[in-house]
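Colleague: Sequence plus the predicted model coming up.
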Amino acid sequence: MLRVAVVGGGPSGSCAAEVLAKAGIETWLFERKLDNAKPCGGAIPLCMVQEFDLPESIIDRKVNNMKMISPSNREVDIHLDNPAEYIGMCRREVFDAFLRNRAADLGAHLVNGLVQSIDTGKNRQGPYTLHYADYSGTGLTGELKTLEVDLIVGADGANSRVAKAMDAGDYNVAIAFQERIRLPPEEMAYYEDLAEMYVGTDVSPDFYAWVFPKYDHVAVGTGTMQKNQSLIKGLQKGIRERASNRLLHGEVIKVEAHPIPEHPRPRRVVGRMALVGDAAGYVTKSSGEGIYFAAKSGRMCAEEIVAASGHGARIPTEKDLKVYLKKWDKKYGATYKVLEILQNVFYSNDPAREAFVEMCDDKDVQRLTFDSYLYKRVVPINPWQTLKLTLLTFGAYLRGQAFAPSKYKPVPSAVRSEVEMAAIHAADAAAKIAGANGLDPSHGVSADSAEPKPAAETGEREPLLAGKS
Ligand SMILES: Cc1cc2nc3c(=O)[nH]c(=O)nc-3n(C[C@H](O)[C@H](O)[C@H](O)COP(=O)(O)OP(=O)(O)OC[C@H]3O[C@@H](n4cnc5c(N)ncnc54)[C@H](O)[C@@H]3O)c2cc1C
């Protein structure tokens, strides 16, 4: 009888464990931290709700308005006209716990444990012995235990230990940094069903920065490639400054950082070990989307295990597991390529970013983008639309050269008048002077007073950034 360990109880691991347990396969799902709040924007596409049978209760907000903001602060509104269409915003601690518990309810053995090392057997073919610290007791260090299995699904994210054990090879990572900021009610109301994306060298030389609404706060963050890692705090300051009039008197309640894979690992299946989700490297370029692809890859990998093992009657081979890779690459290879090209073209410099935002004003571009994001389907476009998009790209690019700013400015407030803002800034300046003179400034945490905490203070048991393990 086949025994499978799924290491990592995020979306990829839980969705793999769910399929395996449902098929009656002996499955252990390891999660080091059952209340893990993965640093994440938490945006999920609409199709995921139905495809993964997600209850509405785990979706904090249904966003049907997006605002794209260019380097020169040109704001383009994108609205989903159909009220049934939305981008779901989730808290990962709620989302992940739901998927994990569902797998456990279906029969997976949920282990609150940190897998520390793996003996992989001759030629990494197994059987595999996992050495783990079991945290189900009260001790901080956990009780050291072992478990022998025939097959491992590595769903343990960007710092994957399974990837190390199987010698999967490295990948480049981007670094994402995010602050959770609680806003006064007027400002929070503005973000009720709206997410903002900012582009510009000031907020990210490689991707975009975001203000995403959560249930009682906004997630404000940015990402950049590993080579620009040293810039990350400056870039976060950039997004806080650009959005400062909309995050007025926001209180930083959490600071977090995490690596995001930029491409798949060189080897995703070795022996009877298969990687899924971030461990494999399935985050898309341009959008930095990974939740759906994590869940989907976990499911597809597990479905292959179920089929190849005859519902757990025999142990699948490396060749069997590689069928999952073939199917995955066939289904999503083109999507990853297109998004990589878009990233290279539109995030390369400020004129290109101006052009990108301008293009997003076009209804055809909006429909195309939303359909491919919300439904994960390639939308066919007719020759006229192709011609229009090509002309639009060139035109927007040329105009982008003229509009790209030499200096970045904060976007105006969305809920207060200029006069009101001026009065607030004057009061803030006075409070700062009073503070500098030893008096008690009466205002809350301002954008530049909240220093990011080191990763170690964010409550994780594991190192947050790649290369620090
Ligand atoms: C700041 C930021 C914002 C993002 N925003 C979005 C977004 O809005 N939308 C989107 O789609 N994607 C977003 N992503 C990407 C998304 O978070 C990931 O792609 C997704 O979480 C991958 O899921 P996963 O299950 O593969 O890995 P993870 O979610 O990383 O889960 C891995 C799990 O394994 C556990 N684990 C790790 N090591 C061990 C071990 N040795 N033993 C036991 N357990 C272990 C961890 O505790 C964790 O729960 C964002 C990423 C970042 C960093």
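Modeller: Perfect, thanks for sending it.
Colleague: Could you use CA atoms for every contact and neighbour count after this?
Modeller: OK.
Colleague: Where does pLDDT dip in this structure?
Modeller: With pLDDT under 70 as the threshold, the chain has low-confidence stretches at 378-383, 385-400, 439-469.
Colleague: make it 80
Modeller: 139-140, 377-404, 436-469 (pLDDT under 80).
Colleague: just the helices in it please.
Modeller: Listed in chain order, the helices of the chain (DSSP state H) span residues 11-22, 46-51, 92-105, 161-165, 185-190, 232-242, 277-280, 291-308, 318-346, 350-359, 363-375, 383-403, 418-436.
Colleague: I'd like the ones you listed written out as a markdown table, with distance to the ligand added.
Modeller: Formatted as a markdown table, the entries for the helices of the chain read as follows, by distance: least, Cα to the nearest ligand atom, whole Å:
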| stretch | distance to the ligand |
| --- | --- |
| helix 11-22 | 4 |
| helix 46-51 | 10 |
| helix 92-105 | 8 |
| helix 161-165 | 6 |
| helix 185-190 | 18 |
| helix 232-242 | 12 |
| helix 277-280 | 3 |
| helix 291-308 | 4 |
| helix 318-346 | 14 |
| helix 350-359 | 19 |
| helix 363-375 | 10 |
| helix 383-403 | 26 |
| helix 418-436 | 30 |
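Colleague: Quick one, which of those helices gets closest to L147.
Modeller: Comparing these by their distance to L147 (Cα to Cα), the top pick is helix 161-165, with 14.5 Å.
Colleague: How many residues are close by K122?
Modeller: Number of residues near K122 (other Cα atoms under 10 Å) recorded here: 10.
Colleague: Look up how far the ligand lies from it.
Modeller: From K122 across to the ligand, the span is 22 Å (Cα to the nearest ligand atom, to the nearest Å).
Colleague: Quick one: the helices of the chain as TSV, columns for mean neighbour count too.
Modeller: As requested, the helices of the chain are arranged in TSV below (neighbours: other Cα atoms under 10 Å):
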stretch	mean neighbour count
helix 11-22	29
helix 46-51	16
helix 92-105	20
helix 161-165	21
helix 185-190	16
helix 232-242	21
helix 277-280	29
helix 291-308	24
helix 318-346	16
helix 350-359	25
helix 363-375	16
helix 383-403	15
helix 418-436	13
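Colleague: now for the ones you listed, which one comes closest to I175?
Modeller: Sorting those by Cα to Cα, the top spot, which is the nearest, belongs to helix 232-242 at 7.7 Å.
Colleague: quick one: that closest one to chain centroid distance?
Modeller: What separates the centre of helix 232-242 from the centre of its chain is 19 Å, taken as Cα atoms, centre = their mean, to the nearest Å.
Colleague: now swap in stretch 406-420 and tell me
Modeller: Stretch 406-420 has its C-alpha centroid displaced from the chain centroid by 29 Å (Cα atoms, centre = their mean).
Colleague: which of the residues in it are buried?
Modeller: Y408, P410, V411, P412, S413 (16 or more other Cα atoms under 10 Å).
Colleague: What's the end-to-end length of that stretch?
Modeller: Using Cα to Cα, to the nearest Å, the gap from the first to the last residue of stretch 406-420 comes to 28 Å.
Colleague: Please apply the same query to stretch 212-220.
Modeller: Stretch 212-220 stretches 7 Å from its first residue to its last (Cα to Cα).
Colleague: Stretch 76-94 now?
Modeller: Termini of stretch 76-94 sit 32 Å apart (Cα to Cα).
Colleague: Buried residues, it. List them.
Modeller: The neighbour-count criterion (16+ other Cα under 10 Å) identifies 76-80, 85-94 as the buried residues of stretch 76-94.
Colleague: now do stretch 244-264
Modeller: Within stretch 244-264, the residues that qualify as buried by neighbour count (16+ other Cα under 10 Å) are 244-252, 254-264.
Colleague: I figured Q236 hits A176, correct?
Modeller: No: with the criterion set as Cα atoms under 8 Å, Q236 and A176 do not qualify as a contacting pair; they are 9.6 Å apart.
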